[in-house]
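Undergrad: my questions are about this predicted structure, shown below with the sequence.
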Amino acid sequence: MHPFLQTDARSGQSDRGHHFLHTNVFLRHACGASGEAEEYIDSILTQAAVLKRRVWVSSFLFAQLAPSMFVPAQFGTLHELTRYIRSLVTLVTPDPNTMLRVARLRDAKWQRPVGVRGADEKPRTMSFTDAVQIASALWVKEAGGVADLRFLMFDDSNEAKGGPLLSLLRLQEYAEDAPANSDVMAAVQLTRIQPSRQARSIRQSAPAESSAIS
């Protein structure tokens, strides 16, 4: 077994399932900025190419491929990168229903339970980009019937600095009203993995750990 095909913490099985990659994972990997997770991500993409395992990415990825920010690394030109993306991954373009879910996820009140949040602590907001990623992954899981989907992302939120954006890895900590909101519940129950040498699967009841173009 490839040394970076780690065991899924939920099931005890090798992490060989279907993956939806947040665009920040693909962009960091493309420019060699994914650190110790590089071989883990590469193994997933290699399985997609060699073993024909499906890997999904939001088509919004192309909107982030600004030519002026392209840094040659694994790909010498932007054209090489875009050609590689088209040949390997399954692109997900959100339909109107998915975009309505994006709006609901953005509108949701993401906050911690009363007993643990500060007196002046305000609800968090899911960023538009993250909401598109989550809603698109949920579309693959639900409409596509991919029950074992794993959502792979880096934590790019500013939550650690006290900012208003919500960390996707810590959704379960800010889902006080989850049982009353089906979209929030679906997002929380989506298997979320931070790519690293020892990949972690995040569950609703488990505490989360957080760890391009350029």
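TA: That came in fine, so what should we check first? Numbers count the residues shown, from 1 in each chain.

Undergrad: so D130 touches S167, yeah?
TA: No. Between D130 and S167 there is no contact, the gap being 9.0 Å when judged by C-beta atoms under 8 Å. The C-beta positions use only the backbone N, C-alpha and C, and glycine is treated the same way.

Undergrad: more crowded one of the two?
TA: Per other C-beta atoms under 10 Å, whichever of D130 and S167 has more neighbours is D130, with 25 against 21.

Undergrad: tell me which element the more buried one is part of?
TA: Taking DSSP states H and E as the definition, D130 sits inside helix 128-142.

Undergrad: could you export that helix as CSV, CA atoms only?
TA: What follows is the C-alpha trace of helix 128-142 in CSV, where atoms were taken according to Å, rounded to 0.1, in the frame of the first residue of the first chain:
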residue,chain,number,x,y,z
PHE,A,128,-19.4,32.3,-0.5
THR,A,129,-16.5,30.1,-1.9
ASP,A,130,-16.8,27.6,0.9
ALA,A,131,-20.6,27.5,0.6
VAL,A,132,-20.3,26.7,-3.1
GLN,A,133,-17.8,23.9,-2.3
ILE,A,134,-20.0,22.4,0.4
ALA,A,135,-23.2,22.6,-1.6
SER,A,136,-21.5,21.1,-4.7
ALA,A,137,-20.0,18.2,-2.6
LEU,A,138,-23.5,17.6,-1.1
TRP,A,139,-24.9,17.5,-4.6
VAL,A,140,-22.4,14.7,-5.6
LYS,A,141,-23.2,12.8,-2.4
GLU,A,142,-27.0,13.1,-2.6
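
Undergrad: can you list contacts of it?
TA: 18, 20, 22-23, 56, 58, 60, 92, 94-95, 98-99, 101-103, 105-106, 126, 146-147, 149, 151, 153, 157, 165-166, 168, 186-187, 190 (C-beta atoms under 8 Å, 6 or more residues apart in numbering).

Undergrad: so which of the residues you listed sit within strands?
TA: 20, 56, 58, 92, 151 (DSSP state E).

Undergrad: quick one: end-to-end length of stretch 83-98, please.
TA: End-to-end distance for stretch 83-98, by C-alpha to C-alpha, to the nearest Å: 26 Å.

Undergrad: what residue ranges in this structure score low on pLDDT?
TA: Judged against pLDDT under 70, the low-scoring parts of the chain cover residues 1-17, 157-164, 197-214.

Undergrad: re earlier: just the buried members of the contacts of helix 128-142?
TA: For these, a neighbour count by 16 or more other C-beta atoms under 10 Å gives the buried set as 18, 20, 22-23, 56, 58, 60, 92, 94, 98, 101-102, 105-106, 126, 146, 149, 151, 153, 157, 165-166, 168, 186-187, 190.

Undergrad: and the helix holding D130, how far from the chain's centre?
TA: Relative to the chain's own centre, helix 128-142 is displaced by 9 Å; criterion: C-alpha atoms, centre = their mean, to the nearest Å.

Undergrad: now do the buried residues in it.
TA: Under the neighbour-count criterion of 16+ other C-beta under 10 Å, helix 128-142 has 129-141 buried.

Undergrad: nearest to A73, of the ones in strands among the contacts of helix 128-142?
TA: For the ones in strands among the contacts of helix 128-142, the residue nearest A73 by C-beta to C-beta is S58; the value is 21.5 Å.
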